[in-house]
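Peer 1: here is my input; please provide its structure:
(7 chains)
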Amino acid sequence: MNLKPLYDRIVVEPLAAEEKTKGGIVLPDTAKEKPQIGMVIAVGAGRIDDKGQRVVPEVKVGEKVIYASYAGTEFKNDGAKLLILKESDILAILE
Amino acid sequence: MNLKPLYDRIVVEPLAAEEKTKGGIVLPDTAKEKPQIGMVIAVGAGRIDDKGQRVVPEVKVGEKVIYASYAGTEFKNDGAKLLILKESDILAILE
Amino acid sequence: MNLKPLYDRIVVEPLAAEEKTKGGIVLPDTAKEKPQIGMVIAVGAGRIDDKGQRVVPEVKVGEKVIYASYAGTEFKNDGAKLLILKESDILAILE
Amino acid sequence: MNLKPLYDRIVVEPLAAEEKTKGGIVLPDTAKEKPQIGMVIAVGAGRIDDKGQRVVPEVKVGEKVIYASYAGTEFKNDGAKLLILKESDILAILE
Amino acid sequence: MNLKPLYDRIVVEPLAAEEKTKGGIVLPDTAKEKPQIGMVIAVGAGRIDDKGQRVVPEVKVGEKVIYASYAGTEFKNDGAKLLILKESDILAILE
Amino acid sequence: MNLKPLYDRIVVEPLAAEEKTKGGIVLPDTAKEKPQIGMVIAVGAGRIDDKGQRVVPEVKVGEKVIYASYAGTEFKNDGAKLLILKESDILAILE
Amino acid sequence: MNLKPLYDRIVVEPLAAEEKTKGGIVLPDTAKEKPQIGMVIAVGAGRIDDKGQRVVPEVKVGEKVIYASYAGTEFKNDGAKLLILKESDILAILE
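Peer 2: Residues are numbered from 1 along each chain as shown, chains lettered A, B, ... in the order given. Model prediction:
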């Protein structure tokens, strides 16, 4: 089933532990605010600012991102564990 | 009875469990923020922004949506169990 | 006595139980946020937005509305039990 | 002594119980948010909006108003018990 | 020592009890939000609004004002007990 | 080491007790919100307002200021005990 | 792996204790709000203001900064312990 997030919402697929450490990134379990790494699956059209204009999200489908793990709503789609979060919960893109 | 939601409010009919899993979506009971799936029944004309312009909602009548289950106000209309929520409580459209 | 609500305030007369169910609407006692049905008695001239313009309310005198029951201030006028609330506490118009 | 309220502040003289019920208005003691009736004694020049313009208050000296009783600051002036509140604490004008 | 308050801050000298009642004003000890009377000693140049313009304060040096007693920062200057507060903590000017 | 505060941040050097009382200012220990006196050491370029313009701070290097003592972040630079705070935590300039 | 922070987020590498005191800066353990010193590793393109314009960050890659230690999200990249924080958590640049 296809997912179209609203406004500034982003659908992310969390990466398994082995994939995460491959790139050199290690996410500590003891961190105050536990970060996670995931792949961007779908991107909303962007929030609407005070002037009525869309603010197009910075992240794009297929990018690997670090996000705050407390954020978002979990569900499964065709067997894949997914997460819907706001773009403001995404901290950085991994290149 | 016909329902006309005000501003950015949306009327949603929650889908029964069997209908939800049909499309491949599984909503975990253990999720931090339990999501639900429903059908959009009525859409408000949109909130009014700081420039006095309507912000027309992204969702349309007949679309299937994922929404945060803690949100909204429940009632029955002609036997159907319905929910009025704000568009910002809707996370994504299922296509 | 005549009542002129200020800005975006609305005066509503709550409907008795038998009148509420007539139109097919049932309001559950167990709902998280108990909704109520009432008749609009008086409407303020609207709040003033950031540009100094009035935002004229969507609801009109004589319309039946669903509103959040936790909202508003109760009083009696010429024997009628009334409620003053903000338009943002009104969820939908019943037609 | 003369009182000049600042910005959107209003000076109100609470009405005695017998005067309140005269007009047909009854204010319940058991209400969630106890309303009161009073006479407007002085009106500020209005708050200044984001564009630097005064927003002239809707209420005028001599009008009878319903206001939220939790609001405001009490004091006495020349024997009269008065209350300074913000115009947003005034719910409606009684005509 | 001379005091120049920043932005919308005001320096007030609280009046002694006998001076307060002279003008006919009585401030109840039992009030929910205890008001005080003081003399304006110094006035800031005003806060800067969203358009980058100064909002010149309404109060002027030498005016007697009622202010909320919970507000402000106390200190002594050349023996005089003073208070720095924001203009929004001042309720009215006494004339 | 040279310090360049960001935006509306200000670096202040708290004054010793004897220097504080010299000018006639006495800061009570028992005050609700304990004020302090300090010398301005460095000033940020100012916050950026909603129109994208810098709001240049009112305080200047070398001025003596009263500030709220609960505010700011302490550290030492070349032996001097310093404090970084926001300009909004500064109450007044002493001249 | 390369890191591209979103909007007004900044990647900082915390400096070891000996490097911190080299420049003359001492950060007290007992401070109310413990400051830290770090090197800026990556800078986001800036937040988007109400007019839809980017607000380019003041800090630049390679600068030494003081930041509030309660802030940000810790992780490791290629062995280096890093922190992603918002530019508003950075207090000053050390030159």
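Peer 1: quick check: phi and psi on the residue lying closest to A:L94 once chain neighbours are set aside?
Peer 2: In space, not counting the residues next to it along the chain, A:L94 is nearest to A:K64; the distance is 4.3 Å by C-beta to C-beta, 6 or more residues apart in numbering or on different chains. Bear in mind the C-beta positions are built from the backbone N, C-alpha and C, glycine included. When read as degrees, to the nearest 10, the backbone of A:K64 gives phi -90, psi 130.
Peer 1: now A:K64: how far from A:L82?
Peer 2: 15 Å (C-beta to C-beta, to the nearest Å).
Peer 1: what's the single longest strand in chain A?
Peer 2: Residue-count comparison of every strand in chain A, with assignments taken from DSSP state E, identifies strand A:35-43 as the longest.
Peer 1: can you report how many residues lie near the residue in chain A that chain D sits nearest to?
Peer 2: Across chain A, no residue is closer to chain D than A:D50, which sits at 10.8 Å (C-beta to the nearest C-beta). The tally of other residues near A:D50 (other C-beta atoms under 10 Å in any protein chain shown) stands at 14.
Peer 1: so what's it up against?
Peer 2: The contact partners of A:D50, taken as C-beta atoms under 8 Å, 6 or more residues apart in numbering or on different chains, are B:49-51, G:50.
Peer 1: what does A:P14 give?
Peer 2: Neighbouring residues of A:P14 by C-beta under 8 Å, 6+ apart: A:36-38, A:81, A:83.
Peer 1: pull the most distant pair out of those residues.
Peer 2: Taking C-beta to C-beta, the two most distant members of the contacts of A:P14 are A:I37 and A:K81; they sit 13.8 Å apart.
Peer 1: these two - which one has more neighbours?
Peer 2: Of the pair A:I37 and A:K81, A:I37 is the one with more neighbours under other C-beta under 10 Å, namely 24 against 14.
Peer 1: correct me, but that one touches A:I93?
Peer 2: No. Assessed by C-beta atoms under 8 Å, A:I37 is found out of contact with A:I93, at 10.7 Å.
Peer 1: shared neighbours, these two?
Peer 2: Here A:I37 and A:I93 share the contacting residues A:64-65, scored by C-beta under 8 Å, 6+ apart.
Peer 1: in chain A, which residue is closest to the centre?
Peer 2: In chain A, the C-alpha nearest the mean C-alpha coordinate belongs to A:V12, at 4.1 Å (C-alpha atoms, centre = their mean).
Peer 1: and it, that one's in a helix?
Peer 2: No. Counting by DSSP: H, G, I helix; E, B strand; the rest coil, A:V12 falls outside a helix, being strand.
Peer 1: ok, now which ones touch it?
Peer 2: A:38-41, A:65, A:67, A:72, A:82-85, A:90 are the contacts of A:V12 under C-beta under 8 Å, 6+ apart.
Peer 1: bridged to it, which residues?
Peer 2: Taking DSSP bridges as the rule, A:V12 bridges to A:V40, A:L83.
Peer 1: mind checking how far it is from A:G24?
Peer 2: Taking C-beta to C-beta, one finds A:V12 at 20 Å from A:G24.
Peer 1: still on that earlier bit, my guess is the residue nearest to A:L94 meets A:I93, correct?
Peer 2: Yes. Under the criterion of C-beta under 8 Å, A:K64 is in contact with A:I93, at a separation of 7.1 Å.
Peer 1: next to chain B, which bits of chain A? Give me the list.
Peer 2: A:1-7, A:9, A:11, A:42, A:45, A:48, A:50-52, A:70, A:72-79, A:84 (C-beta under 8 Å from any C-beta of the partner chain).
Peer 1: what's the PyMOL syntax to select whichever of these are buried?
Peer 2: The PyMOL command for the buried members of the residues of chain A next to chain B (criterion: 16 or more other C-beta atoms under 10 Å in any protein chain shown) is given here:
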select buried, chain A and resi 3+4+5+6+7+9+11+42+45+48+72+73+74+75+77+84
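Peer 1: the residues of chain A next to chain B in helices, which ones?
Peer 2: Taking DSSP state H as the definition of helices, the residues of chain A next to chain B contribute nothing to them.
Peer 1: what sits closest to A:G79 if chain neighbours are left out?
Peer 2: Counting by C-beta to C-beta, 6+ apart, the residue nearest A:G79 is B:G24, at 7.7 Å.
Peer 1: what about that neighbour, neighbour count?
Peer 2: For B:G24, using other C-beta under 10 Å, the count is 14.
Peer 1: who's in contact with it?
Peer 2: Going by C-beta under 8 Å, 6+ apart, the list of residues near B:G24 reads A:1, A:77-79.
Peer 1: equivalent analysis for A:L3, please.
Peer 2: Listed by C-beta under 8 Å, 6+ apart, the contact partners of A:L3 are A:11, A:41-42, A:77, A:82, A:84, B:66, B:92-95.
Peer 1: got a pLDDT number for A:P35?
Peer 2: A:P35 carries a pLDDT score of 84 in this model.
Peer 1: isn't it up against A:V65?
Peer 2: No. Under the contact definition of C-beta under 8 Å, A:P35 does not touch A:V65, with a separation of 9.9 Å.
Peer 1: and those two? which has more neighbours close in?
Peer 2: More crowded of A:P35 and A:V65, by other C-beta under 10 Å: A:V65, with 26 against 20.
Peer 1: orientation of the helix or strand that contains that one relative to strand A:35-43 in degrees?
Peer 2: If you go by DSSP states H and E, A:V65 is part of strand A:64-68. Regarding strand A:64-68 and strand A:35-43, their directions subtend 120 degrees when assessed with axes from the mean of the first three to the mean of the last three C-alpha atoms, to 10 degrees.
Peer 1: on that earlier part again, find the residues that touch each one of A:P35 and A:V65.
Peer 2: When contacts are counted by C-beta under 8 Å, 6+ apart, A:P35 and A:V65 have A:L91 as shared neighbours.
Peer 1: lowest-confidence helix or strand of chain A?
Peer 2: Of all the helices and strands that make up chain A, helix A:17-22 has the lowest average by mean pLDDT, DSSP states H and E, namely a mean of 60.
Peer 1: and the next helix or strand past that helix?
Peer 2: From helix A:17-22 onward toward the C-terminus, using DSSP H and E, the following helix or strand is strand A:25-26.
Peer 1: that following strand pairs with which strands?
Peer 2: Partner strands for strand A:25-26, per DSSP bridges, with pairing direction: strand G:73-77 (antiparallel).
Peer 1: chain center to the partner strand, what's the gap?
Peer 2: 12 Å (C-alpha atoms, centre = their mean, to the nearest Å).
Peer 1: near chain C, which residues of chain A?
Peer 2: Residues of chain A lying near chain C (C-beta under 8 Å from any C-beta): none found.
Peer 1: now chain A against chain E: closest residue?
Peer 2: Among the residues of chain A, A:D50 lies closest to chain E, at 10.9 Å counting by C-beta to the nearest C-beta.
Peer 1: per-residue pLDDT of that residue, please?
Peer 2: Looking at A:D50, its pLDDT stands at 81.
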